[in-house]
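S.K.: have a look at this fold, sequence not included:
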């Protein structure tokens, strides 16, 4: 292979690798890795092999399976969606579809095997949780299941994507599921439902044009925004039932309510305007994540 040909091949390879990584939504990696790592570390108080392997799995391969597979099967609708092709989702060339799926499977399989081996049989419930988590990842997008096209189930499944890593971390660490902990996980789950529902509002028009059902296409933009506001509010109220300083986290729903509130009466025709609120939501997640981290450190110090 000549110098120019090798250079072109290298550029194509870098582009393909970049597109595969982009399909995993790097901006959202922390949203799945952090819940697992925090739940496991706060329960065990140890940095061990399972913590490292699990964090790596929920950081990249998990997101590649979740978002990459979704991009593959949503290609036709993504063509109609102006926000695709960047941080909010890759517009994958069809020639990369097989590579994305295989990249997710190949990177995930050895880590899942290692997690099962490291966990052993001492906490069998963790196997069930991990199975549910992986099922939800595929069920959301793959033909025949396509939970993303089943209104309300789409939001529930999406929330499972983010809450299940935390539940797995707790289960594999042998945590005791007390009522305050259940309240916390339920609040997290309601937050996830609200977040998915609000995110779906911006895609009402492209989803309808592609014949894709969603919670937002079924209930309409305004009603879906109001539902998201209600679920975020419920999540905040549930945090009041958690162990101190958990109740302080009830205040952390306020930025989400502020971001979505202007769109509570948005029409379906103008639903794309809610993308501005969604972009604020992404930034809010980082600020709230930092605040949650501080509260977790506080809790670890006072328990």
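M.R.: Perfect, thanks for sending it. Because the structure is predicted, anything quoted here is derived from the model rather than measured.

S.K.: give me the contacts around stretch 145-159.
M.R.: Residues outside stretch 145-159 that contact it (C-beta atoms under 8 Å, 6 or more residues apart in numbering) are 70, 73, 136, 138-141, 189-193, 195-197, 200, 212-215, 217-219. Yep, even glycine has a C-beta here, placed from its N, CA and C like the rest.

S.K.: for stretch 247-257, that is, sorry about that
M.R.: For stretch 247-257, using C-beta under 8 Å, 6+ apart, the contacting residues are 187, 191, 194-195, 229, 232-233, 235-237, 239-242, 281, 284, 287-288, 291-292, 295.

S.K.: which of those residues are buried, as a ChimeraX select command?
M.R.: Filtering those down to the buried ones (16 or more other C-beta atoms under 10 Å) takes a single ChimeraX command:
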select :187,191,194,195,229,232,233,235,236,239,241,242,281,284,288,292,295
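
S.K.: of the contacts of stretch 247-257, which belong to helices?
M.R.: With DSSP state H as the criterion, helices contain 187, 191, 194-195, 229, 232-233, 235-237, 239, 281, 284, 287-288, 291-292, 295 from among the contacts of stretch 247-257.

S.K.: helix or strand for the spatially closest residue to residue 147 that is not a sequence neighbour, which one?
M.R.: Distance criterion C-beta to C-beta, 6 or more residues apart in numbering; nearest residue to residue 147, sequence neighbours excluded, is residue 157 at 4.3 Å. Residue 157 belongs to helix 153-172 when elements are defined using DSSP states H and E.

S.K.: and the residue nearest to residue 147, what's its pLDDT?
M.R.: pLDDT, residue 157: 97.

S.K.: ok, the one 5 residues further on next?
M.R.: Per-residue pLDDT puts residue 162 at 96.

S.K.: quick one, what contacts it?
M.R.: 31-32, 35, 188, 192.

S.K.: biggest separation within those, which pair?
M.R.: 32 and 188 (12.2 Å; C-beta to C-beta).

S.K.: grab the most central residue of the protein for me.
M.R.: residue 162 (4.7 Å; C-alpha atoms, centre = their mean).

S.K.: could you measure it against residue 190, distance?
M.R.: Noted for residue 162: a distance of 12 Å to residue 190, by C-beta to C-beta, to the nearest Å.

S.K.: got it, and residue 127?
M.R.: For residue 127, the distance to residue 190 - C-beta to C-beta - is 26 Å.

S.K.: done for today, thanks.
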